[in-house]
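Chemist: Provide a 3D model corresponding to the input given below.
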Amino acid sequence: MKTLKRIGHFTVAQNRNTFHLRWTNRNTGQQESESFGRDQERAESEAWKRMAALVSPDDLIARPNNPTFEELWHFYTREKKPGLSKGRATRLDELYKLYFRPALAKVPASNLPDAIRAMRDRMLGGWTGEDRDEKRGKRSEPLHPNTIEDVVNIARATLNFLLEERIIVGPNPVPTIRVAGRTSPIDREPKGRHVSFEEIGKLIDACAFPHHRHMMLLELGCATRSGVFTPMWLNQVLWDFDAIDTLPV
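Modeler: Numbering: from 1, shown residues only. This is a model prediction of the structure:
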């Protein structure tokens, strides 16, 4: 039996040409399964339908009273990912793999506030996550407090989002978790070097079209990296005004 995909506590598996949905019965502790013939899509759809018991209290399938972070994460990413950039979506996957899966995955919702704070303390103690891709270089430096605060508050936001959307009920929302030792951008060592005023002038002069210059000035004025801005599409350029429509099209 080959495992193809995990959806919460359900597993879509393949045995020869037949697809199965497998799960552990929480009442008996026994593993159960259902066959879907050669229809993998229907097996996955059934898994999501059963996971939807978390969302709909009227669903025929018993709604878990205290879902784990792993189960909550599937709903959080399913709701959030469609509106995220590819880079941000990849970042969420990396955070889950490195930190959330080893530290939080099996923790029930009612225990998550304490578990998230415990994960913060573990990071402050030097833990840098698990299952890192060694091809990108082994991490020897501890995580910066700014990074730790970002990671733990994403975990916190997962629980709070599902509480606000009434996907789960029970635990109280987790307040913002602060980490001692944070620094502001002006106090950090710059990556690379600062661009001189002369170089900025040359960049502005090199813009062949006014709307390119407007975008350049916008990014310089905000002191931000270009990736913060969404891609500029042709129908956003107001040619009659030499301007850019930055509102949603």
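
Chemist: for the most centrally placed residue in the chain, pull up the helix or strand it's in.
Modeler: Averaging the C-alpha coordinates of the chain gives a centre point, and the residue nearest to it by CA atoms, centre = their mean is Leu92 (2.6 Å). Applying DSSP states H and E as the criterion places Leu92 in helix 86-95.

Chemist: now the longest helix along the chain: average pLDDT?
Modeler: Counting residues, the longest helix in the chain under DSSP state H turns out to be helix 145-164. pLDDT averaged over helix 145-164 equals 88, rounded to a whole number.

Chemist: for Val152, what are its contacts?
Modeler: Shown here is Val152, whose contacts under the criterion CB atoms under 8 Å, 6 or more residues apart in numbering are 116-117, 119-120, 123, 177, 179. From N, CA and C alone the C-beta is placed, and that goes for glycine too.

Chemist: any idea how far it is from Leu159?
Modeler: Separation of Val152 from Leu159 (CB to CB, to the nearest Å): 11 Å.

Chemist: now swap in Leu95 and tell me
Modeler: Going from Leu95 to Leu159 by CB to CB gives 14 Å.

Chemist: which residues of the protein fall in helices?
Modeler: If you assign secondary structure with DSSP H, the helices in the chain sit at 40-51, 69-80, 86-95, 101-104, 112-124, 145-164, 197-205, 210-222.

Chemist: dump these to JSON lines, plus distance to His20.
Modeler: Below are those laid out as JSON lines (distance: least, CB to CB, whole Å):
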{"stretch": "helix 40-51", "distance to His20": "7"}
{"stretch": "helix 69-80", "distance to His20": "19"}
{"stretch": "helix 86-95", "distance to His20": "26"}
{"stretch": "helix 101-104", "distance to His20": "24"}
{"stretch": "helix 112-124", "distance to His20": "31"}
{"stretch": "helix 145-164", "distance to His20": "29"}
{"stretch": "helix 197-205", "distance to His20": "58"}
{"stretch": "helix 210-222", "distance to His20": "51"}
